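**Q** Sequence below, structure please.
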Amino acid sequence: MGDGILQGFLNTGLIDVGGDDAKLDKLNQAAGDLAAALKKNPSKALGFSLIAFDPDAPEADPVVQEALAALQTRWATYRNTFSATPIAVIRAILLDALVAAAADDDRVGVCFVASARNALPFMPVDNEREIWISVVEEIERRVDLRAEAEWATPESISVQPMKYSAPKLSAPEVRIGEVPKGALQTGMMAAAGPTTLNQQGSAVHTNGNPHSPQQQQHWVSEFGRRAGTTIADAVNAALAEIEVSQPDLAQPFGKLAEVVSGYVDETLKAVSVATAGLQRRTNLLWWREALFSPSVGKSYRALPPSVAAALMALDLFDTVPLFSPASVSAFLGEAVLRLGGTVNGEKRTMRDLVKEAQDEATLAPLRSAAAKLAAEPAGRGPVLALIGHPTHTGARDAESFQRLTGVPATSELDTVAWSGWLFRELQASKAATDASPARRSAARKG
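**A** Numbering: from 1, shown residues only. Here you go, the predicted model:
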């Protein structure tokens with residue numbers, strides 16, 4: 001696309017290299033150097049874009065000087081070809097660099113598209129319109145594809161089966177008890193009668209059954225009692241010695257609990273990610289219906305329309321992620337239209353709206369956010385830089401307004417357009433410093 005952009009500027013007569021392909025190649029090389037600088041530092045995208053849009057860009061602007069330095073490096077004698085500072089050439093190579101960088105980094109694309117939607121309508125670029133339309137539409141389409149994918153809610157959620165390998169458990173070990181044979185024999189002899197013979201054949205008293213077998217009933221009764229007791233004691237003694245060692249189940253069950261816990265956690269994360277887009281849309285519908293500002297704790301209807309519109313831009317910005325579909329800006333516009341006092345489309349100058357944002361007490365949260373996202377104005381930058389740094393020398397200077405923003409101070413916006421402008425600038429300023437993956441594919445791999 002880069003050659004097409006430079007060629008488009010050549011075809012419309014905006015730049016002239018005298019038909020010298022070598023000079024055109026030098027412009028391509030300079031644009032490549034600027035694209036590399038953008039990829040290393042995406043925060044440059046806002047300044048690059050706002051200068052690329054403006055045929056009347058000031059020569060002293062830092063971005064113009066950076067581009068001239070890149071051109072000087074690749075084409076040391078460029079001054080012999082152009083009688084004055086070649087702003088058109090600078091704009092062409094900046095646009096070429098932006099397109100190349102945006103192809104690799106969606107954050108650059110967000111900066112470029114947001115700035116284009118805001119500033120381009122106020123720039124005298126009618127003879128370049130075809131170039132800008134194709135460029136903006138292509139980059140916006142690519143950024144929107146990523147945003148739509150991140151906002152989508154799938155029809156179904158696929159969860160992989162839980163993986164768990166059950167460990168092999170050892171068989172229980174049983175130690176068998178033994179009947180105390182000696183004690184059993186002694187007890188049984190004692191049950192049998194009052195005397196017995198020892199190994200030497202001598203009579204020995206058993207201290208047991210006092211009756212002899214000839215006494216029949218008395219002997220049987222005494223024998224049964226004593227024999228039963230002796231046998232029971234022997235059996236109980238043997239049973240008491242039996243030991244069964246169970247396998248250690250603490251580790252297997254601990255591992256199972258760990259696997260189940262991790263599986264449930266991953267499943268819940270998958271559900272959360274899959275339904276994030278739906279939850280986000282639900283929250284936005286609630287916000288639009290309530291018309292209540294979470295940042296100041298007031299109803300938007302209780303505020304002047306322009307103040308409410310600016311605050312709504314901030315509150316929506318705080319609610320949605322960096323990559324949001326273009327339809328979100330339209331949603332904001334419809335929400336602003338629900339406020340009273342916005343139906344007639346009254347317009348105010350940009351300078352007046354910025355001054356209100358710099359001074360209105362209710363818009364302190366907007367100033368705080370702007371100060372964090374946008375550096376103090378030095379060269380061309382977003383309107384947010386003036387809002388976030390109202391004490392800066394050029395922040396309240398009407399003559400500096402166009403130099404620092406690229407937009408005439410007398411440009412007029414209604415409340416819907418003003419809210420959309422601020423929302424896009426907030427998104428662009430965040431994109432310039434955000435740590436999100438440059439490309440959606442990179443996010444998937446991570």
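**Q** Please report phi then psi for the residue of the chain most remote from its centre.
**A** Largest separation from the mean C-alpha position in the chain: residue 214, at 100.9 Å (CA atoms, centre = their mean). Per-residue torsions, residue 214: phi -70, psi -20 (degrees, to the nearest 10).
**Q** pLDDT wise, what is it at?
**A** Looking at residue 214, its pLDDT is 76.
**Q** And for the one 3 residues further on?
**A** The pLDDT attached to residue 217 in the predicted structure is 74.
**Q** What number of residues are in the vicinity of it?
**A** 8 (other CB atoms under 10 Å). Using the backbone N, CA and C atoms, a C-beta is placed for each residue, glycine as well.
**Q** and the gap between residue 45 and residue 437?
**A** Residue 45 sits 16 Å away from residue 437 when distances are taken as CB to CB, to the nearest Å.
**Q** Compare these two (neighbour count), which wins?
**A** A direct count of neighbours by other CB under 10 Å for residue 45 and residue 437 places residue 45 higher, at 26 against 16.
**Q** Which helix or strand contains the more buried one?
**A** For residue 45, the host element (DSSP states H and E) is helix 45-52.
**Q** Please state the offset of that helix from the chain centre?
**A** 27 Å (CA atoms, centre = their mean, to the nearest Å).
**Q** contacts for that helix?
**A** The contact list for helix 45-52 (CB atoms under 8 Å, 6 or more residues apart in numbering) reads 34, 38, 57, 61-64, 67, 90-91, 94-95, 97-98, 101, 107-108, 111-112, 115-116, 119, 379-382, 405-406, 428-429, 431-432.
**Q** in the stretch 101-250 of the chain, which spans are strands?
**A** 173-175, 195-197, 203-205, 243-245 (DSSP state E, counting those that start in this stretch).
**Q** want to throw the ones you listed into JSON lines with mean pLDDT and distance to residue 142?
**A** JSON lines is the format used below for the strands of the stretch 101-250 of the chain (pLDDT from 0 to 100; distance: least, CB to CB, whole Å):
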{"stretch": "strand 173-175", "mean pLDDT": "75", "distance to residue 142": "68"}
{"stretch": "strand 195-197", "mean pLDDT": "76", "distance to residue 142": "108"}
{"stretch": "strand 203-205", "mean pLDDT": "77", "distance to residue 142": "110"}
{"stretch": "strand 243-245", "mean pLDDT": "77", "distance to residue 142": "67"}
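**Q** Out of these, which is the most enclosed?
**A** Stretch with highest mean neighbour count among these: strand 195-197 (a mean of 14; mean count of other CB atoms under 10 Å).
**Q** Sheet-wise, list the partners of that one with their directions.
**A** strand 203-205 (antiparallel) (DSSP bridges).
**Q** Look at residue 416 and say how many residues are nearby.
**A** 21.
**Q** Quick check, pLDDT for it.
**A** So residue 416 comes in at 94 (pLDDT).
**Q** Same question for residue 371.
**A** 95.
**Q** Can you tell me the element it falls in?
**A** helix 364-373.
**Q** Run through who's touching whichever helix or strand comes after that helix.
**A** On the C-terminal side of helix 364-373, the nearest following helix or strand under DSSP H and E is helix 383-388. Residues outside helix 383-388 that contact it (CB under 8 Å, 6+ apart): 350, 354, 357-358, 366-377, 392, 394-396, 401, 404-405, 407, 421-422, 425-426, 429.
**Q** Show me the helices in the stretch 301-446 of the chain, by range?
**A** If DSSP state H, counting those that start in this stretch is used as the criterion, the helices of the stretch 301-446 of the chain fall at 305-319, 327-337, 350-359, 364-373, 383-388, 398-405, 415-433, 440-445.
**Q** Which of those has the lowest mean pLDDT?
**A** helix 440-445 (a mean of 47).
**Q** Low-confidence ranges, the protein, go.
**A** 1-4, 153-159, 164, 263, 267-277, 341-345, 438-446 (pLDDT under 70).
**Q** Domains of it: list them as residue ranges, please.
**A** 2-151, 173-245, 291-445 (automatic domain parsing).
**Q** Endpoints of the second one, how far apart?
**A** Domain 173-245 has its terminal residues 5 Å apart, counting by CA to CA, to the nearest Å.
**Q** from the middle of its chain, how far away would it be?
**A** With CA atoms, centre = their mean as the basis, domain 173-245 stands 83 Å off its chain's centre.
**Q** Can you show me the helices along the stretch 151-300 of the chain?
**A** So, for the stretch 151-300 of the chain - with DSSP H, counting those that start in this stretch - the helices run 181-192, 217-240, 250-290.
**Q** List the buried residues for the shortest one?
**A** With burial defined by 16 or more other CB atoms under 10 Å, the residues of helix 181-192 counted as buried are 184, 186-192.
**Q** which residues are contacting that helix?
**A** Contacts for helix 181-192 (CB under 8 Å, 6+ apart): 196, 206-209, 222-223, 225-227, 229-231, 233-234, 237.
**Q** cutoff 10 Å now
**A** Residues outside helix 181-192 that contact it (CB atoms under 10 Å, 6 or more residues apart in numbering): 180, 195-197, 204-209, 212-213, 219, 222-231, 233-235, 237-238.
**Q** if we can go back for a sec, as TSV, the domains of the chain with distance to residue 161 would be great.
**A** Shown next, in TSV, are the domains of the chain (distance: least, CB to CB, whole Å):
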stretch	distance to residue 161
domain 2-151	26
domain 173-245	35
domain 291-445	22
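**Q** between those domains, which one is nearest to residue 167?
**A** Among the domains of the chain, domain 173-245 comes nearest to residue 167, with 17.2 Å by CB to CB.
**Q** now the strands of the stretch 101-250 of the chain as JSON lines including distance to residue 143?
**A** Formatted as JSON lines, the strands of the stretch 101-250 of the chain follow (distance: least, CB to CB, whole Å):
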{"stretch": "strand 173-175", "distance to residue 143": "68"}
{"stretch": "strand 195-197", "distance to residue 143": "108"}
{"stretch": "strand 203-205", "distance to residue 143": "109"}
{"stretch": "strand 243-245", "distance to residue 143": "67"}
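**Q** Turn the buried residues of helix 181-192 into CSV, columns for distance to residue 322.
**A** As requested, these are exported to CSV (distance: CB to CB, whole Å):
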residue, distance to residue 322
184, 88
186, 93
187, 91
188, 93
189, 97
190, 96
191, 95
192, 100
